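Engineer: Sequence first, then the predicted structure:
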Amino acid sequence: MVKVLFVCLGNICRSPTAEGVFRAMVHREGLSDRITIDSAGTAAWHVGKSPDPRSMAAARARGIDMSAQRARQAVAGDFAHFDYVLAMDSENHADLLRLCPRGAEGKLSLFLDFAPHLGRRDVPDPYYGGPGGFDEVLDLVEAAAEGLLADIRQRHL
């Protein structure tokens, strides 16, 4: 079983979107029994809450249901449990690196590193912007999810 964790700041916009998109992709490819997916936030502000309604609406418009997800905070133990710990931006990557136990750094990377053709490394936080930001997040996440799945297939399946 390959285990993937997506991480943003509050676990209500970007990382649950990545979880939902990747879960749908993995399901569509018939790999749900081989890949486990979760998301978390580096901050505890929204623990137990559903994803942002704007994130859920944008995802729903693309056929992705995120309604069962609940926010949680990333913990050091996640590095022992997950094969991939994927930060949505460089700030969260730095926070995760401080949390990461020695020797587990190889599990941590920026999610957009799986989509180098995009020419960017950070998924922007859409929280304070307009509805277009949530669609932009989905576009970036979908591209990176394809690269991540290709990497998992090459290295693990």
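Structural biologist: Sure, I can see it.

Engineer: Then residue 58 would be within a helix, right?
Structural biologist: Yes: checked against DSSP: H, G, I helix; E, B strand; the rest coil, residue 58 lies within a helix.

Engineer: what about residue 136, neighbour count?
Structural biologist: Burial of residue 136 is recorded as 15 neighbouring residues (other C-beta atoms under 10 Å). Where you see a C-beta, it was placed from the backbone N, CA and C, and this is true even at glycine.

Engineer: residue ranges of the strands in this protein, please?
Structural biologist: 2-8, 35-41, 84-87, 108-110 (DSSP state E).

Engineer: Pick the most buried one from the ones you listed.
Structural biologist: The highest average neighbour count among the strands of the chain, using mean count of other C-beta atoms under 10 Å, belongs to strand 84-87 at a mean of 26.

Engineer: can you redo the strands of the chain as JSON lines with distance to residue 119 and mean pLDDT?
Structural biologist: Compiled in JSON lines, the strands of the chain are given as follows (distance: least, C-beta to C-beta, whole Å; pLDDT from 0 to 100):
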{"stretch": "strand 2-8", "distance to residue 119": "20", "mean pLDDT": "98"}
{"stretch": "strand 35-41", "distance to residue 119": "25", "mean pLDDT": "98"}
{"stretch": "strand 84-87", "distance to residue 119": "18", "mean pLDDT": "98"}
{"stretch": "strand 108-110", "distance to residue 119": "13", "mean pLDDT": "98"}
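
Engineer: how about those strands in CSV, adding distance to residue 95?
Structural biologist: Shown next, in CSV, are those (distance: least, C-beta to C-beta, whole Å):
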stretch, distance to residue 95
strand 2-8, 8
strand 35-41, 10
strand 84-87, 8
strand 108-110, 11
